[in-house]
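**Q** quick one, fold the following:
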Amino acid sequence: MADFIVLSCDQMRAAEAAAIAGGTSGAALMEAAGGRVAEITMRAWEPRPVAVLCGPGNNGGDGFVAGRLLAEKGWTVRLALMGAAEDLKGDAKLMAGLYEGQIEPFNPSVLDGAGLIVDAVFGTGLTRAVEGDALAMISAANAHPAPALSIDIASGVNADSGEVMGAAIQATRTVTFFLKKPGHILFPGRGFSGAVDVVPIGIEAAALGQIRIDTFENQPGLWGSQFRRPTFQTHKYHRGHVFVAAGEALKGGAARLAARGALRMGAGLVTVLAPSGAAQEHAAQLNAIMLRAADSVADITGALRGGDKYPEVVIIGPGAGVGDETREKVSALSKMQASLVLDADALTSFEDAPDVLFGALRKEDILTPHQGEFDRLFAGVSIEDGKLGAARAASKKAGAVVVLKGADTIIAAPDGRAAVNVNAPPDLATAGAGDVLAGFIGGLKAQGMPAFEAACAAVWFHGAVGQAAGPGLIAEDLTELLPTVLRSMLTPPHPQPQSGAAETPPSRSQPG
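**A** Next up, the predicted model:
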C-alpha cells in the first residue's frame, strides 16, 4: 500500500467499515489501536507517571486500551474521562469496562505529577469549537511541562482541514492509524502534531477498493513513475524547449532565475524572450540559455515553431509586468500548442478578469499563485473546507493545475487530485525562490511529465534543495544545488543496445 495516500475522515470511516464488513470487529480495531499507542509510548519514553485524557467517543476508547496496557506493564497511570462512564457507548464502553484502574473526573488536577500526557480526547471527528471542560484541560496540558502523545490527531485539530478549532493539544508525538489524515500535513495542524507515527491496526489495503483516493502527501513515490530520465539515445530535443517571456529592462532577474531553473531541471533547450530594450541586460548574463528579441505578441508566438516536433512550454509571469500587454501575451499563447506555466505578474494581470483567463486555460497548464495572488484571482472560491478544499475548487474553476504556494504547498488538479508538500524549509521564504520553482515546473513539463506530476515533482525538489542549502540560502543556490539532490536520488543510466541513436529532433509521438 502506498504510504503517500492521505484519507479524509469520511474515507477513514469507510475503510474501517470495510474492515468490519470483512470480519474484523470494531473492538479488535480499537484494541489494536490502543495497543500500538502503548507500544510506541514504551519505546519512546522510560517508565514514568502517565495522565491519560479520554473523551466520550472512540478516541477515548483507544485511550482506555492504552492506559490498561501501560498499567499492566507497571507504569503509573491516572485516567480522566470527559463525561460519565455510564454514558459511553459501543466499543468505547467495552474498553472502559476492561480498565481496572480508577476513572477520575475530567479535571486538570489529573495532570499533577505526570511525566507524560496521553491525549485521547477528540480524535479525528471534531468539527466544532473546543469549549468548557475540554478547553480547560487542553490549556492545562499545554501549560504542563510533560510531553504529550496524541492518539490519531492532536485534540482540537480538524483532521480534514488542519484548522485549530479554538485550541489544540501541542503534541510531541502523534500515533495515527492505517494512513495519515490531511490535518497531519496541513498547517496549522501539522505544527501541533509533532512526530507522526502511522501504524497498522488490522485494516487491509483492500479496504481502499471502494474509496476514491484523491489526496496525497507529496513524495517521490507519487510521481516517480512519470519522472523522465534521459537514456544514451536521448537527443536534447527529446527533453523539450522552455521559453521564458521576460519583461522590460532592469526587471529581468526573475525571468533569468526561472530560465536557469528550467535548464537545471533538464529541459533540452531554454530561451528567454525579451524586449529589444532589455536584450543587452540578458545577453550579459546568459550562456547556455538562449536569447531572442521579442517586442510584440507576434514575436513571442512566432518563436514557438517546434510544437509539432517536440514539447514546448512557456513560462510567463516572473518580471513580465502587470497589465494589458501581459494579458494579451497569455491569451495568444493559450492558443498555441505549448503548455503554459503562469506565475506572478501573469496572474495579477487577470485579477480583474479571472474568467477571461480561466476560459483560455487547458488542463495541462499550471498556475503557481502564492496566497495573496490566489485570494485575488479566486475571490469567489470558498475557503469553508480549508486550504485543501480551496485549492481543489480553484483548480476545477480554472480548468488547470493550481500550485498554491506556502509552507504546506498544495498541488491540485482539475480532476480532484491534490497533494500536500511537507519538505519545504522556512529558508525558502526568500526573493526569487518562486521564480526558480516556476522554472523547475517548466523543465519537467517540457520533458514530458503530465502537469500534475510535473508540478508535484518540482515542488518536492524545490523543498529538497532548500533543505540541502539550509539557512542563508538565496534563490541562486536552488539551481546550483539541484544536481547534488538529483545525484543523490538517481542511479547512473545503463546503456541499452538500439539500432541507431536519434540524430535529428524527434516527433512528439516518439518516447522521451
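
**Q** tell me the contacts of the closest residue to Arg239 other than its chain neighbours?
**A** Leaving aside its sequence neighbours, Arg239 sits nearest to Gly268 (Cβ to Cβ, 6 or more residues apart in numbering; 3.3 Å). For the C-beta atoms, the positions are set from N, CA and C on the backbone; glycine is no exception. The contact partners of Gly268, by Cβ atoms under 8 Å, 6 or more residues apart in numbering, come to 235-241, 310, 446-447.

**Q** how about those residues in JSON lines, adding pLDDT and secondary structure?
**A** Listed next are these as JSON lines, based on pLDDT from 0 to 100; DSSP: H, G, I helix; E, B strand; the rest coil:
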{"residue": "His235", "pLDDT": "87", "secondary structure": "coil"}
{"residue": "Lys236", "pLDDT": "93", "secondary structure": "helix"}
{"residue": "Tyr237", "pLDDT": "87", "secondary structure": "helix"}
{"residue": "His238", "pLDDT": "89", "secondary structure": "helix"}
{"residue": "Arg239", "pLDDT": "95", "secondary structure": "helix"}
{"residue": "Gly240", "pLDDT": "96", "secondary structure": "coil"}
{"residue": "His241", "pLDDT": "97", "secondary structure": "strand"}
{"residue": "Tyr310", "pLDDT": "88", "secondary structure": "coil"}
{"residue": "Ala446", "pLDDT": "97", "secondary structure": "helix"}
{"residue": "Gln447", "pLDDT": "97", "secondary structure": "coil"}
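
**Q** show the buried residues in the residues you listed.
**A** With neighbours counted using 16 or more other Cβ atoms under 10 Å, the contacts of Gly268 contain these buried positions: 235, 237-241, 310, 446-447.

**Q** now render those residues as TSV, adding distance to Asn421.
**A** As requested, these are arranged in TSV below (distance: Cβ to Cβ, whole Å):
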residue	distance to Asn421
His235	32
Tyr237	31
His238	28
Arg239	25
Gly240	24
His241	27
Tyr310	29
Ala446	21
Gln447	20
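
**Q** what is the most widely separated pair among those?
**A** Greatest spatial distance among these (Cβ to Cβ): His235 and Ala446, at 13.4 Å.

**Q** what number of residues lie near Phe232?
**A** 11 (other Cβ atoms under 10 Å).

**Q** leaving out the residues flanking it, which one is nearest to it?
**A** Pro495 (5.2 Å).

**Q** element containing that neighbour?
**A** Assessed by DSSP states H and E, Pro495 sits outside every helix and strand.

**Q** count of neighbours near the nearest residue to Ala469 once chain neighbours are set aside?
**A** Nearest residue to Ala469, sequence neighbours excluded (Cβ to Cβ, 6+ apart): Asp477, at 4.5 Å. Asp477 sits with 19 neighbouring residues when counted by other Cβ under 10 Å.

**Q** output the below-cut-off pLDDT ranges for this structure.
**A** 385, 496-512 (pLDDT under 70).

**Q** domain assignment for it?
**A** 9-210, 220-489 (automatic domain parsing).

**Q** can you lay out those as TSV showing distance to Met1?
**A** Below are the domains of the chain laid out as TSV (distance: least, Cβ to Cβ, whole Å):
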stretch	distance to Met1
domain 9-210	4
domain 220-489	11
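
**Q** relative to Ala2, which of these is closest?
**A** Closest among the domains of the chain, using Cβ to Cβ: domain 220-489, at 6.1 Å.

**Q** and the most centrally placed residue in the chain, what does it touch?
**A** Nearest residue to the geometric centre of the chain (Cα atoms, centre = their mean): Val420, 1.4 Å. Taking Cβ under 8 Å, 6+ apart, we find Val420 in contact with 6, 182, 185-186, 215-218, 388, 408-410.

**Q** I'd say Arg228 and Lys445 touch.
**A** No: counting by Cβ atoms under 8 Å, Arg228 stays clear of Lys445, with 10.3 Å between them.

**Q** so for the two, which residue has more residues nearby?
**A** More neighbours surround Lys445 than the other of Arg228 and Lys445, with 33 against 19 (other Cβ under 10 Å).

**Q** alright, that wraps it up for me.
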